[in-house]
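# predicted model, plus sequence, below.
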Amino acid sequence: MRILLPESLVPVYLKATGANRPFVTEEGARRRIGERFLRPASYGPPSRLEGVRVDRRLPDPNGWPVYDVEPSAPAGHKTRPKSVVVYVHGGGWVNEIAPQHWTLIARIARETNQRVIVPIYPLLPFGTAREVRDGVVDLSRRTRLRSTVATGWRFRRWSDFAFCGTVAS
């Protein structure tokens, strides 16, 4: 049985469970960054995501792993998504993308019939907000430019793109 939590209760839940405790003080934040530096978390998608196909792009010019998540086409259907969502995960620049993010990404792809591009950006201390912003913009431009009939993607206008993500609380 799945428990659904209203969106307005998420910050209350995070505070009650102490999920933000490491970031209350500067020393705590430094300690958490050090822990993530020594033991990086896995960023790959779970092995089973329902109703979607996941591909990893190689190589990405920024040096980042980038995943393309598309809805699985029913047998006999060859329809490709007509628009793109670029999804930037939350994590306060310290925490890697989590399984919950991947579940949300798969749901977005399935329910909206859109291709979701997921860049795995560098975290502190290896990257900055400016580098991530510039990298996401560059990734979006390159995706638009390489969308041709040959690739099966037809994202020629910026109106074919949407950007979304989650925020660390």
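All right, it came through fine.
# what does the pLDDT read for Pro40?
Looking at Pro40, its pLDDT reads 77.
# how about the secondary structure of Tyr67?
strand (DSSP: H, G, I helix; E, B strand; the rest coil).
# what's the burial count for the closest residue to it other than its chain neighbours?
With sequence-adjacent residues excluded and distances taken as Cβ to Cβ, 6 or more residues apart in numbering, Tyr67 is closest to Val118, at 4.4 Å. For the C-beta atoms, the positions are set from N, CA and C on the backbone; glycine is no exception. Counted with other Cβ atoms under 10 Å, residues neighbouring Val118 total 24.
# kindly report the same for Ser140.
18.
# that one falls within a strand, correct?
No - according to three-state DSSP, Ser140 belongs to no strand; its state is helix.
# can you tell me the element the residue nearest to Tyr67 falls in?
strand 115-119 (DSSP states H and E).
# thinking again about what came up before, how far away is the residue nearest to Tyr67 from Val86?
8 Å (Cβ to Cβ, to the nearest Å).
# go on, Gly63?
The value you get for Gly63 to Val86, if Cβ to Cβ is used, is 18 Å.
# ok, now Pro22?
Pro22 is 28 Å from Val86, by Cβ to Cβ.
# who's more crowded, Gly63 and Val86?
Between Gly63 and Val86, counted using other Cβ under 10 Å, the more crowded position is Val86 (20 against 8).
# what phi and what psi does the backbone show at the more buried one?
For Val86, the backbone dihedrals (degrees, to the nearest 10) come out as phi -100, psi 120.
# any idea how far it is from Gly44?
19 Å.
# and if you look at Asp55?
Applying Cβ to Cβ to Asp55 and Gly44 gives a distance of 12 Å.
# do Leu139 as well
Leu139 is 18 Å from Gly44, by Cβ to Cβ.
# so those two - more neighbours on which side?
Leu139 (20 against 13).
# show me what contacts the more buried one?
Applying Cβ atoms under 8 Å, 6 or more residues apart in numbering to Leu139 gives the contacts 60, 62, 66, 86, 117, 119.
# name the member of those residues with the shortest distance to Val132.
Pro119 (8.1 Å; Cβ to Cβ).
# count of neighbours near that closest one?
Pro119 has 23 nearby residues by other Cβ under 10 Å.
# beta partners of the closest residue to Ser140 other than its chain neighbours?
Spatial nearest neighbour of Ser140, excluding adjacent residues (Cβ to Cβ, 6+ apart): Val86 at 5.7 Å. Note on Val86: beta-bridge partners by DSSP bridges are Ile117, Phe163.
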